[in-house]
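1. A predicted structure for the sequence below; I have some questions about it.
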Amino acid sequence: MGVGISKGAALAIALGVGSATVAGGALAHNEPMPKGPLSPGAKAAHQRHANFEKLGGAFKALNDELKKDQPSKAVVQAQTKTMADLANALPTWFPRGSGVEARPNSEAKPNIWTDAAGFSAAASNLQVQVSKLNQLALSGDMAAVKGQVRATGGACKACHDKYRQEKD
């Protein structure tokens, strides 16, 4: 851990980041799926939203499990595997034409496409952090998993700060 911050404080911060990530996604979840045929961009935008809901749900379930006195290794491993699978697919979730023009409630900022290199780097960082998290979970070292949660949440936040616009 960094100087001046305890492991408990770091875990509390990480859990807060994860909870905020999930809460932010939950607000937009109530948007109904449009009736009738969808354009490829609209399909991608709605599928992306569903995928982020799954990713946020897995992160929340992981954080909830890590709050327990004796976290279940199997539950932790299942959640980190889900997160890794989704993070690895994330770059494919943003085809051109799948922003607000395809789904008005999309939280994807236009700079995802205009700053493709920056977005790709942010997505890559998430993949690296989630991969580390998953590898630590597979090792069974719950203390190390707890330590990696903060970096993983930070990768989520960094991307959200630059490439996500909050919608009411």
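-> Received it, and whenever you're ready, just let me know what you need. Residues are numbered from 1 along each chain as shown.
2. could you point out where this structure is predicted with low confidence?
-> Filtered on pLDDT under 70, the chain yields the residue ranges 1-33, 168.
3. Would you mind finding the longest helix in it?
-> helix 40-66 (DSSP state H).
4. tell me which residues in stretch 86-99 are buried?
-> For stretch 86-99, a neighbour-count test (16 or more other CB atoms under 10 Å) marks 86-87, 90, 93-94, 98-99 as buried. Backbone N, C-alpha and C define where each C-beta goes, glycine included.
5. If you compare the directions of the following helix or strand past the longest helix of the chain and helix 40-66, what angle comes out?
-> Per DSSP states H and E, the first helix or strand lying C-terminal to helix 40-66 is helix 73-89. Helix 73-89 and helix 40-66 meet at an angle of 150 degrees, taking axes from the mean of the first three to the mean of the last three CA atoms, to 10 degrees as the criterion.
6. what sits up against the helix or strand following helix 73-89?
-> The first helix or strand that comes after helix 73-89 along the chain, using DSSP H and E, is helix 111-114. Here helix 111-114 makes contact (CB atoms under 8 Å, 6 or more residues apart in numbering) with 94, 96, 99, 118-119, 162-163.
7. Need those residues in JSON lines (columns: distance to residue 73).
-> Formatted as JSON lines, the contacts of helix 111-114 follow (distance: CB to CB, whole Å):
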{"residue": "94", "distance to residue 73": "34"}
{"residue": "96", "distance to residue 73": "41"}
{"residue": "99", "distance to residue 73": "40"}
{"residue": "118", "distance to residue 73": "36"}
{"residue": "119", "distance to residue 73": "34"}
{"residue": "162", "distance to residue 73": "34"}
{"residue": "163", "distance to residue 73": "33"}
